[in-house]
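Q: okay, predicted coordinates and the sequence, questions at the end:
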Amino acid sequence: MNLDRFFKLKQNGTTVRTEIMAGITTFMTMAYILAVNPDILSAFKTGATGGDWTSIFLATAIAAGVMTIAMGLFVNFPVALAPGMGLNAYFATIILTSQGKFTFSMALTAVFISGIIFIILTITKMRQMLLVAIPDSLKHAITVGIGLFIAMIGFKNSGILTVAVESGNDIKAHQFTDVLSFETIFHMGSLENKGVILTLVGILLISILLVMRVRGAILFGILGTTVVGYFMGMVDLATLTSDQTTWVPDMSKLRFGDFDFAGVMTTGIVSVIVTFTFVELFDTFGTMVGTATRAGIMKNKEEGTKRVGKAMFVDAIGVSGGALVGTSTVTAFVESSAGVAEGGRTGLTAVTTGLCFLLALFLAPIVMLIPGSATAAALIVVGVLMVQSIKEIDFQDFVIAIPAFLTIVMMPFTYNIANGISFGIVTYVVLAAAANLSGKSEKKYSIHWLMWVLAILIIARYIFIGSQG
């Protein structure tokens, strides 16, 4: 295969080496999902209702590998897919809090059905219309918001950011409470924590390499941080030779097609399916647009819109495909921005990342050596790179500035991409309509009819389904 011709490397101003480095970088920043997803979904080991760590690990690697390669080959898009954080937590939560009402198989069935809904929405081009309907200012705000969101992930995972729990407050699991005027939410982590120190070292190392314009700065920064982690006693090479270390995957443990349609029909899981669909709809859109904008794909709006539309179709298949092999919602990963920041512009980046996931089936012990502090540092630096899009937003125009601001801040502060996009869409529609009706505005603001529909659906969602989730 002529890689240059197939992936249009010269046309996109990139090279094979750059794309492969970008793909490995994306994998490095996403590799944590191979450990985190099985931990979350196997937290409820209750016989047939629970998930097995090994089966979920296999499903995670296979789903991420196959769907990411498909994204690269069929769309030529530098975006990687894997079971999404947040959605996997919700997946586990509905089972843990249902007191046996919902089983693991039922939850997989709900994800599978939501994937079918996405395929229909994509075929009818309803999802693609979002690219035309949403103003450019909100698209840039989404990019910035996602940058802050993934930086927040990095700060949280590293221990640099900690949650303040006020004494005397008894907050039960899965419940929320208002923050009082005298209470604080976040605090700086302790510098006595080795993980915090290693993350700070990683941030400095990656930043220095970026300043020196070293190609592959983020990847080399992750590897360098891992080496430092070894000397700090945070990387244990002995695990590679342990008798309990498994190098060959046991595919017999894969829970392929583990669905329970009969149970779903008698349980009333409609709200769960709607929530999966709603959150995935905006999470995917935000990630696709944010990554495409950062990669320069949206400079040609017509061509960019077509490619993102095709990417959404692969993503839709990935949702049901992931459920088929036994994992929660597979979605486009915001960490793909790490590869784009390293120069990834084509599907070769995605194919490289996908192959790394499949190889991880055999190299899991080595992948697990990379400390979370190393990938956390990379995510924080990538956040800086994505926030650069803020310069494209006109903050002098309040019709643009207020929705953009709410889009940006609601993502990291509520730890939810969909919340940010929702607030941005509703406020833009209201403010643009008010400006147009007042007649005092210097310009006429365009409001696509789909924006009205989305605003109504968003309001209905928060009223009838609830704001949490």
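A: Happy to help now that I have it.
Q: C-alpha from now on. contacts and neighbour counts both.
A: OK.
Q: what segments of the stretch 301-450 of the chain are helices?
A: With DSSP state H, counting those that start in this stretch, the ranges of helices along the stretch 301-450 of the chain come out as 301-325, 336-341, 347-367, 372-387, 398-414, 417-438, 449-464.
Q: so which of those helices is nearest Leu34?
A: Among the helices of the stretch 301-450 of the chain, the nearest to Leu34 by CA to CA is helix 347-367 (8.4 Å).
Q: ok, and what's touching the closest one?
A: Contact with helix 347-367 is made by 7, 16, 19-24, 26-27, 31, 58, 61-62, 64-73, 75-80, 239-240, 245-249, 339, as judged by CA atoms under 8 Å, 6 or more residues apart in numbering.
Q: can you pull the contacts of Gly189?
A: Contact analysis of Gly189 by CA under 8 Å, 6+ apart lists Gly159, Ile160, Leu161, Thr162, Val196.
Q: which of those residues lies closest to Gly322?
A: For Gly322, the nearest member of these is Gly159. The distance, counting by CA to CA, is 30.4 Å.
Q: give me the neighbour count for that closest one.
A: Close neighbours of Gly159, defined as other CA atoms under 10 Å, add up to 22.
Q: low-scoring stretches of the stretch 351-469 of the chain, by residue?
A: Within the stretch 351-469 of the chain, the stretches with pLDDT under 70 are 367, 465-469.
Q: just the contacts of Gly189: which are in helices?
A: In this view, the contacts of Gly189 that belong to helices under DSSP state H are Val196.
Q: which one of the contacts of Gly189 sits closest to Val381?
A: The nearest member of those to Val381, counting by CA to CA, is Ile160 at 14.0 Å.
Q: and stretch 331-343, end to end?
A: Stretch 331-343 has its terminal residues 22 Å apart, counting by CA to CA, to the nearest Å.
Q: and for it, what's in contact with it?
A: Contacts with stretch 331-343, where a contact means CA under 8 Å, 6+ apart, come from 14, 18-19, 21-26, 29-30, 78-84, 146, 150, 215-218, 280, 284, 287-288, 291, 294-295, 315, 318-319, 349, 378-379, 382, 385-386.
Q: stretch 57-73 too?
A: Here stretch 57-73 makes contact (CA under 8 Å, 6+ apart) with 33-35, 37-38, 77-83, 249, 251, 254, 311, 314-315, 318, 321-322, 325-327, 330, 346-358, 360-361.
Q: what does stretch 286-305 give?
A: If you take CA under 8 Å, 6+ apart as the criterion, stretch 286-305 is touched by 79, 128, 131, 139-140, 142-144, 146, 308, 311, 332-334, 336-337, 340-341, 343-345, 386, 417, 421.
Q: run the last query once more with 6 Å
A: Outside stretch 286-305, the residues within contact range by CA atoms under 6 Å, 6 or more residues apart in numbering are Ile142, Thr143, Val334, Ser337, Val340, Arg345.
Q: got it, and stretch 216-228?
A: Thr25, Gly202, Leu205, Ile206, Leu209, Leu210, Glu342, Ile370, Ala374.
Q: of the contacts of helix 347-367, select the buried ones using a ChimeraX command.
A: In ChimeraX, this line selects whichever of these come out buried by 16 or more other CA atoms under 10 Å:
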select :7,16,19,20,21,22,23,24,26,27,31,58,61,62,64,65,66,67,68,69,70,71,72,73,75,76,77,78,79,80,240,249,339
